[in-house]
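Undergrad: quick one, fold the following:
(4 chains)
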Number of protein chains: 2
Amino acid sequence: MSRYKPTDAEMEILHILWEKGSSSVREINDILNHRREVGYTTTLKLLQIMFEKGLARRDSGAKTHFYTAAVREHDTKNHLISDFVNVAFRGSAMSLVMQALGNSETSKEELDELKDLISKLEQNS
Amino acid sequence: MSRYKPTDAEMEILHILWEKGSSSVREINDILNHRREVGYTTTLKLLQIMFEKGLARRDSGAKTHFYTAAVREHDTKNHLISDFVNVAFRGSAMSLVMQALGNSETSKEELDELKDLISKLEQNS
DNA sequence: TTGACAATACGAAACTCTTCGTATATCTTT
DNA sequence: AAAGATATACGAAGAGTTTCGTATTGTCAA
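TA: Just a heads-up that it's a prediction; the model follows:
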């Protein structure tokens, strides 16, 4: 049961699948083309590879195949964060959090939300 | 003045350069070999490519070349965070921060540090 | 100055990823 | 059932990365 780390292109597709649920290649390709031009067979190939990797499931009942995400959004992002923290921050998640916060525009509401989370973390320690 | 996004292997070397400063290929290779086995010429090639990309400078005065980082640590990490947020969190830095926090072991001291940062951010808004 | 040693330069192999052209299969419509 | 449209399958090209073998260059000591 080996896990594949999604590439950037695969993440773009996973986001579509997480949001839209079961989708045909054409639907996915149409959405991708809102942002940039991608050939239909390119998207098809990506989906086929994601299927082989176990990142996507597919329902091949009819002529048109329908794909869904085979990995959970939260789990996948946790894996990505973990890798990213190791590569870019030598394992220190806090360094990432601090720099990401300092670097981003943050609204009052978001800061409040963050403080709530911190309170919860403090209780559980 | 185009910027290259460092690969994982390049980040490992950049971290060494940021920490140690000017280093020979042999020194860098020795440090890399603490973690995993890497051939000397592999490390050499990586440094050469990083030099071509503008990620590293080199002082070729003597027989042995000495390399230093040509990009700033904070800037580089900001770029990486920005890309990562776009790919994995559809541009929402806050989502990343919240999930990274929730996912990591965080000490009291770190949480205090984080609260200080939040206070500062609240003042500047 | 020549031999030994260490460093660099070069090039190619293996791998992964993205892209797309072309072939094949399937459905629909008339 | 045949024609046309739409989908999938297959394969290969091209780019980038990592790896390392081998050749070349440079240094120092005897």
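
Undergrad: kindly report the residues of chain A close to DNA strand D.
TA: A:24-26, A:40-41, A:44-45, A:48, A:60, A:63-65 (C-beta under 7 Å from any atom of the strand). To be clear about C-beta, it is placed using only N, CA and C from the backbone, and glycine gets the same treatment.

Undergrad: possible to save the residues you listed as CSV with pLDDT and secondary structure?
TA: Output for the residues of chain A next to DNA strand D, formatted as CSV (pLDDT from 0 to 100; DSSP: H, G, I helix; E, B strand; the rest coil):
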residue, pLDDT, secondary structure
A:Ser24, 97, strand
A:Val25, 97, helix
A:Arg26, 97, helix
A:Tyr40, 98, helix
A:Thr41, 97, helix
A:Leu44, 98, helix
A:Lys45, 98, helix
A:Gln48, 97, helix
A:Ser60, 83, coil
A:Lys63, 83, coil
A:Thr64, 92, coil
A:His65, 95, coil
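
Undergrad: among these, who's most crowded?
TA: Ranked by the number of neighbours (other C-beta atoms under 10 Å in any protein chain shown), the residues of chain A next to DNA strand D place A:Val25 first, at 20 neighbours.

Undergrad: re the thing from before, can you lay out the residues of chain A next to DNA strand D as JSON lines showing distance to A:Ile118?
TA: Converted to JSON lines, those look like this (distance: C-beta to C-beta, whole Å):
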{"residue": "A:Ser24", "distance to A:Ile118": "43"}
{"residue": "A:Val25", "distance to A:Ile118": "43"}
{"residue": "A:Arg26", "distance to A:Ile118": "45"}
{"residue": "A:Tyr40", "distance to A:Ile118": "47"}
{"residue": "A:Thr41", "distance to A:Ile118": "48"}
{"residue": "A:Leu44", "distance to A:Ile118": "45"}
{"residue": "A:Lys45", "distance to A:Ile118": "44"}
{"residue": "A:Gln48", "distance to A:Ile118": "44"}
{"residue": "A:Ser60", "distance to A:Ile118": "47"}
{"residue": "A:Lys63", "distance to A:Ile118": "52"}
{"residue": "A:Thr64", "distance to A:Ile118": "48"}
{"residue": "A:His65", "distance to A:Ile118": "45"}
